[in-house]
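*Asks:* My questions concern the predicted model and sequence given below.
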Amino acid sequence: MQQRLAIAQALIMKPRVLLLDEPFGALDPGIRKDMHALLLELWRETRLTVFMVTHDLSEGFSLGTRLLVFDKVRLDPHAPGAYGARITYDIPLNSDRRATRAAVDALPVQLAGTLRIA
C-alpha cells in the first residue's frame, strides 16, 4: 500500500521522468507482481520515462525497454581520481528475443546465471 501511495504522490505533479530506487525490493512476491503490472500500465498510459534502480536483473528484463548494468570501478592507473560505478553493459530490450538472448549470453556467468529469457 505504501508503494502505491508513494507512486501516486510522485505522479500528482505530472512529471515527465520518474525515478524509482528499489521500489519493490521489500515486497512479497504477490504484491510485487501486482506492482509490476501497475507500473507497466502507468507506463503504457502515460508514456512516462521511468528510471528504475534494481538489483534484480529478472525484474529489469521483465519491466525495462533498456537495461544498463553497472559494475564497481576497478583500480585504473589511467584514471586515478575515478570513483563510483561504470556502465559495463547496455542492453536494449525489444521483441527480438535472439538479440536479447545474445546480450544475456555476453554477461558474466555470475550475472547471466540468474536470468531466464524465454
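*Replies:* Here it is on my side, so go on. Residues are numbered from 1 along each chain as shown.
*Asks:* host element of the residue nearest the centre of the chain?
*Replies:* Taking C-alpha atoms, centre = their mean as the criterion, Gly60 is the residue nearest the geometric centre of the chain, at 3.7 Å. With elements taken from DSSP states H and E, the one containing Gly60 is helix 57-63.
*Asks:* now for that helix, which elements pack on it?
*Replies:* Contact analysis of helix 57-63 by 3 or more C-beta pairs under 8 Å, 6 or more residues apart in numbering; DSSP states H and E lists helix 29-46, strand 66-72 as its packing neighbours. For the C-beta atoms, the positions are set from N, CA and C on the backbone; glycine is no exception.
*Asks:* how about the ones you listed in TSV, adding mean pLDDT?
*Replies:* Below are the helices and strands packed on helix 57-63 laid out as TSV (pLDDT from 0 to 100):
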stretch	mean pLDDT
helix 29-46	90
strand 66-72	82
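*Asks:* of all those, which lies closest to Lys14?
*Replies:* With C-beta to C-beta as the criterion, Lys14 lies closest to helix 29-46 of the helices and strands packed on helix 57-63, at 8.4 Å.
*Asks:* Remind me what that closest one packs against, helices and strands.
*Replies:* Under the contact criterion of 3+ C-beta pairs under 8 Å, 6+ apart, helix 29-46 touches helix 2-11, helix 57-63.
*Asks:* So for that helix, what gets flagged as buried?
*Replies:* Across helix 29-46, burial judged by 16 or more other C-beta atoms under 10 Å covers 32, 35-36, 39, 42.
*Asks:* what's the residue nearest to the centre of the chain in contact with, if anything?
*Replies:* Contact partners of Gly60, counting by C-beta atoms under 8 Å, 6 or more residues apart in numbering, are 52, 54, 67.
*Asks:* could you redo the last one with a cut-off of 6 Å?
*Replies:* Residues counted as contacts of Gly60 (C-beta atoms under 6 Å, 6 or more residues apart in numbering) are 54, 67.
*Asks:* any idea how far it lies from Lys14?
*Replies:* Using C-beta to C-beta, to the nearest Å, Gly60 is found at 26 Å from Lys14.
*Asks:* just checking, Leu18 touches Phe51?
*Replies:* No - at 7.3 Å, Leu18 and Phe51 do not qualify as touching, with contact defined as C-beta atoms under 6 Å.
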